[in-house]
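Chemist: this one's sequence-less:
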């Protein structure tokens, strides 16, 4: 009978107020445009004398990366087969 006599209280919880930001569309186009329009603006400086050196170094780095990838692709399967067969 104790269960019938006990009264339960209900607490009312109000939802927080909705902010103005929540009412805006997710694709609002009101964001300011960036100051830099291209990645080349970051790379290129006012000194164009060094541009040939930069291009030369970049080309050399690209060649080195391609050669290392070719060596890896050639020897990785051979190493795998050798380790699998226990040679």
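Modeler: Received the coordinates, thanks. Model, not experiment: these values are computed from the prediction.
Chemist: list the helices and strands the strand or helix carrying residue 53 packs on?
Modeler: With elements taken from DSSP states H and E, the one containing residue 53 is helix 51-85. Here helix 51-85 is seen to pack against no other helix or strand when contacts are counted using 3 or more Cβ pairs under 8 Å, 6 or more residues apart in numbering; DSSP states H and E. No exception for glycine: its C-beta is placed from N, CA and C like everyone else's.
Chemist: So for it, mean pLDDT?
Modeler: Mean pLDDT, taken over the full extent of helix 51-85, equals 91.
Chemist: next one: stretch 11-25
Modeler: pLDDT averaged over stretch 11-25 equals 64, rounded to a whole number.
Chemist: Next one: residue 54 relative to residue 11, how far apart?
Modeler: The gap separating residue 54 from residue 11 is 68 Å, by Cβ to Cβ, to the nearest Å.
Chemist: of the two, who's got more company?
Modeler: residue 54 (12 against 4; other Cβ atoms under 10 Å).
Chemist: From residue 62, how far out is that one?
Modeler: Residue 54 is 12 Å from residue 62, by Cβ to Cβ.
Chemist: cool, and residue 72?
Modeler: Look at residue 72 and residue 62: by Cβ to Cβ, they are 16 Å apart.
Chemist: ditto for residue 70
Modeler: Relative to residue 62, residue 70 is positioned 13 Å away (criterion: Cβ to Cβ).
Chemist: Ok, residue 82 next?
Modeler: When Cβ to Cβ is applied, the distance between residue 82 and residue 62 equals 31 Å.
Chemist: And residue 74, by the same measure?
Modeler: Between residue 74 and residue 62 the distance, using Cβ to Cβ, works out to 19 Å.
Chemist: Repeat that for residue 77.
Modeler: Residue 77 sits 24 Å away from residue 62, taking Cβ to Cβ as the criterion.
Chemist: What about residue 12, how many residues nearby?
Modeler: Considering only other Cβ under 10 Å, residue 12 is surrounded by 4 other residues.
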